[in-house]
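Q: sequence and predicted model, in that order:
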Amino acid sequence: MPAYIIAQLAFTDVDAYRRYQRAFPAVFSRFGAKLLVADESPEVLEGEWSRNKVVVMEFENKEAAQAFQTSPDYNAIAEDRKAGADAVVLLVDGLRPRH
């Protein structure tokens, strides 16, 4: 079953975040996942949202998502993400395909 990492970010140091952003594709590409959303100007349709960016990544399953999130390569670049943005990061199950 697919799994998704959803991140909502509020920038605190844009230069640090941009360093992370430049390094991200090379690390992410090693995990066979898909980057579905990386939007710095989402339209709020309902409620309050005090963030600057939303990211959605699709993985084969939760184990693959956790392997990415806990990998040494990702954690090395994530230092800049943590310095550059306050984040809420969720791991969620996708829906089972209907037959």
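A: Received, thanks. Fair warning: this is a prediction, and the values are worked out from it, not measured in the lab.
Q: pLDDT on the top helix by length along the chain, on average?
A: Ordering each helix of the chain by length in residues (DSSP state H) puts helix 14-28 first. Mean pLDDT, helix 14-28: 97.
Q: which pLDDT value belongs to residue 96?
A: So, for residue 96, pLDDT stands at 81.
Q: so who does it touch?
A: Contacts for residue 96 were tallied using C-beta atoms under 8 Å, 6 or more residues apart in numbering; they are residue 1. The way it works is simple: take the backbone N, C-alpha and C, and place the C-beta from them, glycine included.
Q: below-threshold pLDDT in the protein: ranges please.
A: Residues of the chain meeting the criterion pLDDT under 70: none.
Q: what segments of it are helices?
A: 14-28, 62-70, 72-84.
Q: adding distance to residue 37, write those helices out as a markdown table.
A: Listed next are the helices of the chain as a markdown table, based on distance: least, C-beta to C-beta, whole Å:
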| stretch | distance to residue 37 |
| --- | --- |
| helix 14-28 | 13 |
| helix 62-70 | 15 |
| helix 72-84 | 16 |
